[in-house]
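Enquirer: All I have is the shape, not the residue letters:
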């Protein structure tokens, strides 16, 4: 398994011969140079979407159409896009599991919000979620945008993920200290990768508090487009 950060909450994950793009945000992403956009998505086989905020959804439809690949996510949004946009979607819901050609994906709760911007103001876009990815001998918890929540207790106990990709930038999500608390209390991670930070000055710029709060856990501060091999 290889995990590649595309900046902010966006990732490229190689697993079971597939290439998954999670919340791919290219246009306007200050962490991802424009001349690297094509490299970031080359060979992608699937897109996974955690929720509908612009910094997660802005490039999903254009990429799905250009690359001719399916989008997987919460049922309400996927059903709408399949009908309105004519793209291939895989829509399911919290508690469900789909198999993406060898990568098993379980949908789990998150605690955030999920809206689209429209000329008439924000409109609800399904609900916010996280994912559990199982492949290549690893189980990865992708928290999506979330705060600490009681659901993490059963998610950690039931799925027993060894890798956590945690939103930890603060302001819109957990900060580093809160993410460390959640990881320590609810999970038994071997590896933690923070995200949704460093993008803007308002967000956390370092994962030091996360690493300090998780002795014995490998905390990897990702660099954009650099492979993390696990």
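Expert: That came through fine. Source: prediction; values computed, not measured.
Enquirer: In the chain, where is pLDDT below threshold?
Expert: Residues of the chain meeting the criterion pLDDT under 70: none.
Enquirer: in it, which spans are helices?
Expert: 37-41, 54-57, 60-67, 75-84, 151-159, 176-186, 208-212 (DSSP state H).
Enquirer: Make a markdown table from these and add mean neighbour count to it.
Expert: Every residue, glycine included, has its C-beta placed from N, CA and C. A markdown table is the format used below for the helices of the chain (neighbours: other CB atoms under 10 Å):
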| stretch | mean neighbour count |
| --- | --- |
| helix 37-41 | 17 |
| helix 54-57 | 19 |
| helix 60-67 | 17 |
| helix 75-84 | 16 |
| helix 151-159 | 16 |
| helix 176-186 | 21 |
| helix 208-212 | 17 |
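Enquirer: Include distance to residue 96 when you put these into CSV, please.
Expert: Below are the helices of the chain laid out as CSV (distance: least, CB to CB, whole Å):
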stretch, distance to residue 96
helix 37-41, 26
helix 54-57, 20
helix 60-67, 20
helix 75-84, 9
helix 151-159, 14
helix 176-186, 21
helix 208-212, 30
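Enquirer: which one of those lies closest to residue 220?
Expert: Judged by CB to CB, the one of the helices of the chain that comes nearest to residue 220 is helix 208-212, at 9.3 Å.
Enquirer: Mind giving me the packing neighbours of that closest one?
Expert: Contacts defined by 3 or more CB pairs under 8 Å, 6 or more residues apart in numbering; DSSP states H and E place helix 208-212 against helix 176-186.
Enquirer: who touches the helix it packs on?
Expert: Outside helix 176-186, the residues that touch it by CB atoms under 8 Å, 6 or more residues apart in numbering are 147-148, 152-153, 155-156, 164, 166-168, 170, 174, 189, 192, 194, 197, 204, 206-210, 212-214, 217.
Enquirer: Now do the contacts for the residue of the chain positioned farthest from its centre.
Expert: Centroid-distance maximum for the chain: residue 120 at 28.0 Å, with CA atoms, centre = their mean. Taking CB under 8 Å, 6+ apart, we find residue 120 in contact with no residue.
Enquirer: Would you check how far apart the nearest residue to residue 88 once chain neighbours are set aside and residue 45 are?
Expert: Using CB to CB, 6 or more residues apart in numbering and skipping residues adjacent in sequence, the residue nearest residue 88 is residue 70, 4.1 Å away. Distance, residue 70 to residue 45, using CB to CB, to the nearest Å: 9 Å.
Enquirer: got it, and residue 96?
Expert: From residue 96 to residue 45 the distance is 20 Å (CB to CB).
Enquirer: do residue 202 as well
Expert: Separation of residue 202 from residue 45 (CB to CB) stands at 34 Å.
Enquirer: likewise residue 126?
Expert: 23 Å.
Enquirer: The two: which is more packed in?
Expert: Between residue 126 and residue 45, counting by other CB atoms under 10 Å, residue 126 is the more crowded of the two (21 against 16).
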